[in-house]
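A.B. asks: mind folding the following:
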Amino acid sequence: MNKKNTSTISYKGKDIFIGIDVHKKTYTAVARVEGEVVKKWTTAASPIKFTEQLLQYFKPGSIYTTYEAGFSGFSLHRELEQKGINNLVVHAAGIEVAVNNRVKTDKRDAHKLSSLLESNRLKGIRVPTELEENQRQLSRTRQQLVEDRTAVKNKIRMKFHQLGVIEADENQRMSHLLVKELIGRVSSKEFVIAIEAYWHIWKKLDEEITKLEIALRQQAKEDRNEATYRSAPGVGPLSARILSNEMGDMSQFRNERQLFSYTGLTPSEHSSGEHIRKGHITHQGNSRVRAVLIEAAWRAIEEDTTLASFFERLFPRSGKKRAIVAVARKLIGRIRATFQHGEIYQVGFQSPKMIES
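C.D. replies: Down below sits the predicted model:
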């Protein structure tokens with residue numbers, strides 16, 4: 001639906017702000033100029049064709065666009081930027097915080113995106129380079145297959161429970177050896193066929209995960225950031241791969257606040273008058289990195305006495321979860337500092353301006 005006939009309007013010297021609601025098959029866009037909606041339309045989800053439409057409708061004006069990060073990746077962003085259109089990729093949670101200063105609200109549509117973009121109330125995420133996006137496919141795909149394998153294991157467990165072979169509260173780790181043992185107790189050939197179907201998928205997933213892990217080990221040998229990540233306490237081979245593929249050389253982050261925002265380890269703030277109270281983390285940012293850092297933080301307090309002391313100081317007043325999140329922030333801040341100094345991590349190293357709350 002057109003608000004105006006854009007083919008007869010000159011946008012020379014004008015700023016056009018466009019919010020894009022991205023779906024698998026379509027883009028829905030809303031364009032605003034000087035506080036007024038001038039065009040609404042839905043088109044096929046083709047970055048090239050959509051970019052051509054923008055240039056046709058609004059050139060020679062200055063075009064600014066935005067859309068939420070998600071399944072669609074960054075091909076649209078790169079096409080827009082390549083054609084001289086200023087694009088901002090935003091995190092969905094970031095939109096909610098910008099508008100209502102809270103973490104979870106209703107989904108913002110293209111109209112809201114265009115309005116927020118025009119009023120300069122959106123904050124973009126860091127867009128990876130194509131090389132970075134390609135490299136992280138190994139670690140991300142491995143994670144996805146591991147999750148698939150866990151789901152298959154749970155389905156096999158439920159089959160055995162359905163047959164009464166195991167109890168509902170049985171929590172023994174599901175292994176190939178255990179499946180072989182339990183399947184011998186099953187008298188129904190139909191159930192055996194069903195269980196073996198899932199079991200075959202499990203074995204195949206094992207093979208593919210192993211292939212990816214071999215590729216990740218080779219990737220690590222060629223990665224100049226590997227030694228720095230591996231030198232940090234609590235960071236193992238797989239953690240290092242995920243962190244390096246997701247963040248690369250962390251000296252690219254201008255400051256720790258930007259780093260914590262990317263990792264989603266920034267505590268939320270609630271202010272009233274002159275009082276500011278920090279709450280739970282916002283959960284914005286990269287969930288994969290956040291999960292790895294929390295796990296690494298638990299291991300790190302066993303390896304680094306300064307981090308252990310820091311945790312022990314916070315634990316009584318903040319609780320276990322908040323204390324370990326603070327350790328994760330300190331840990332990742334220190335790793336960033338090692339990149340800045342061109343050194344490996346030193347246990348007990350103190351980087352400046354650590355955020356401890």
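A.B. asks: now do the contacts for the spatially most central residue of the chain.
C.D. replies: With distances taken as C-alpha atoms, centre = their mean, Asn286 lies nearest the centre of the chain, 2.8 Å away. By C-beta atoms under 8 Å, 6 or more residues apart in numbering, the residues touching Asn286 are Glu246, Met247, Tyr262, Thr263, Gly264. For every residue, glycine as well, the C-beta is placed using N, CA and C.
A.B. asks: and the residues you listed, which is closest to Ile156?
C.D. replies: Distance to Ile156, by C-beta to C-beta, is smallest for Glu246 among the contacts of Asn286, at 31.7 Å.
A.B. asks: these two touch, right, the closest one and Arg290?
C.D. replies: No. Checked against C-beta atoms under 8 Å, the pair Glu246 and Arg290 is beyond contact range at 10.1 Å.
A.B. asks: what ranges does the stretch 1-150 of the chain have for its helices?
C.D. replies: If DSSP state H, counting those that start in this stretch is used as the criterion, the helices of the stretch 1-150 of the chain fall at 47-58, 75-82, 92-100, 110-118, 130-163.
A.B. asks: wait, I meant the stretch 251-357 of the chain
C.D. replies: 256-263, 287-303, 305-318, 320-341.
A.B. asks: how far does the last one sit from its chain's centre?
C.D. replies: The gap between the average C-alpha position of helix 320-341 and the chain average comes to 18 Å, counting by C-alpha atoms, centre = their mean, to the nearest Å.
A.B. asks: one more: the first one?
C.D. replies: How far helix 256-263 lies from its chain's middle: 13 Å, per C-alpha atoms, centre = their mean.
A.B. asks: now that helix: buried residues?
C.D. replies: Glu256, Leu259, Phe260, Ser261, Tyr262, Thr263 (16 or more other C-beta atoms under 10 Å).
A.B. asks: what angle do that helix and helix 320-341 make?
C.D. replies: Comparing the axes of helix 256-263 and helix 320-341 via axes from the mean of the first three to the mean of the last three C-alpha atoms, to 10 degrees yields an angle of 120 degrees.
A.B. asks: helix 256-263 vs helix 287-303, what angle?
C.D. replies: Using the same axes, to 10 degrees: helix 256-263 against helix 287-303 is 120 degrees.
A.B. asks: give me the packing partners of helix 256-263, helices and strands only.
C.D. replies: Helix 256-263 sits against helix 287-303, helix 320-341, with contacts defined as 3 or more C-beta pairs under 8 Å, 6 or more residues apart in numbering; DSSP states H and E.
A.B. asks: burial-wise, tell me which of the ones you listed comes out on top.
C.D. replies: Scoring the helices and strands packed on helix 256-263 by mean neighbour count under mean count of other C-beta atoms under 10 Å gives helix 320-341 as the most buried, with a mean of 21.
A.B. asks: could you list the low-confidence segments of the stretch 201-350 of the chain?
C.D. replies: 267-284, 348-350 (pLDDT under 70).
A.B. asks: one more pass at 50, please.
C.D. replies: 268-279 (pLDDT under 50).
A.B. asks: what's the answer for the stretch 1-150 of the chain, then?
C.D. replies: In the stretch 1-150 of the chain (pLDDT under 50), the answer is 1, 96-107.
A.B. asks: one more time with 90, if that's ok
C.D. replies: 1-10, 59, 69-73, 91-109, 123-132 (pLDDT under 90).
A.B. asks: got a markdown table for the helices of the stretch 1-150 of the chain, with distance to Ile20 and mean neighbour count too?
C.D. replies: Output for those, formatted as a markdown table (distance: least, C-beta to C-beta, whole Å; neighbours: other C-beta atoms under 10 Å):
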| stretch | distance to Ile20 | mean neighbour count |
| --- | --- | --- |
| helix 47-58 | 8 | 17 |
| helix 75-82 | 8 | 18 |
| helix 92-100 | 13 | 17 |
| helix 110-118 | 6 | 21 |
| helix 130-163 | 20 | 16 |
